[in-house]
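J.: Please work out how this folds:
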Amino acid sequence: MRRPRIRLLIAVGLGAFALAWAATAAVLLLRTDDAAGEYRGSEPPARITLPDFTLPDYTGASVSSQELEGKVVLLTFLDAQCTEACPIIASQIARTLERLTSEEEEQIAAIAISTDPEEDTPEAVASFLEKNRAVGKLRYLVAPVERLRPVWESFQIVASLDTGSDTLHSAPVRIYDRDGTWVATLHAGADLTMENLAHDLRVALDT
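T.: Presented below is the predicted three-dimensional model:
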């Protein structure tokens, strides 16, 4: 285990988690089935688009945001050593994609970006994906820190590498529509269920 970084980074991470959970709780309390939004996940307040990135996955194959154009992008941030939210997220994504039709699945790109490149070796990632039955379902991107840090910053993500704890990092499950617009976010332990995720993916596919 790495030595924890400065307390300020941990405080920032905890603050980010607290805000995310508070926002999600507020949405769940206020929303009904007839709420204004089409999505069951929380919807961002403005038209925020998918940031540009080009990164390798754990097998070495390159993935770029440009090649995802025209697809619905399901994006999250994981740590293969995480034992709390990450296994739930990977499993829920994989099981949800299995429930969709083959035609629907072909139009969706499910991407995970590492928050811990120092420990997310190809072997560690492969084991994590296999354990959570996400092999072939979730493309897990990992690269050296100097390549990932600008990506974390563009997505405003707190990485486990910086907090010093495998379980303490941003782990939103974001959906971007075919135009690359961020349309919904779900969180493990709150609104991330197979039913909600499948619903929101289908709404994004239909827009």
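J.: same question for stretch 148-160, mean pLDDT?
T.: Averaged over stretch 148-160, pLDDT sits at 98.
J.: List the buried residues in it.
T.: Neighbour counts over stretch 148-160 (16 or more other Cβ atoms under 10 Å) mark 148-149, 151-152, 155, 157-160 as buried. (C-beta placed from N, C-alpha, C; glycine too.)
J.: Now render those residues as TSV, adding distance to Gln81.
T.: As requested, these are exported to TSV (distance: Cβ to Cβ, whole Å):
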residue	distance to Gln81
Leu148	16
Arg149	19
Val151	19
Trp152	17
Phe155	20
Ile157	17
Val158	16
Ala159	13
Ser160	8
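J.: Among those, name the ones in helices.
T.: If you go by DSSP state H, those have 148-149, 151-152, 155, 160 in helices.
J.: out of these, who's nearest Ala80?
T.: Lowest distance from Ala80 to these (Cβ to Cβ) belongs to Ser160, with 10.1 Å.
J.: now the closest one, nearest residue through space, not along the chain?
T.: His169 (3.8 Å; Cβ to Cβ, 6 or more residues apart in numbering).
J.: surely that neighbour meets Ala80?
T.: No - with contact defined as Cβ atoms under 8 Å, His169 does not reach Ala80; the gap is 11.8 Å.
J.: hey, what's in contact with both of those two?
T.: Counting by Cβ atoms under 8 Å, 6 or more residues apart in numbering, the contacts common to His169 and Ala80 are Asp116.
J.: Quick check: bridge partners of the residue positioned nearest the centre of the chain?
T.: Taking Cα atoms, centre = their mean, the centroid of the chain lies closest to Thr76, which sits 0.9 Å from it. Using DSSP bridges, the bridge partners assigned to Thr76 are Ala112, Val173.
J.: what does Asp57 give?
T.: Going by DSSP bridges, Asp57 forms beta bridges with Leu141.
J.: Go ahead and confirm it touches Val63.
T.: Yes - with contact defined as Cβ under 8 Å, Asp57 counts as touching Val63 (5.8 Å).
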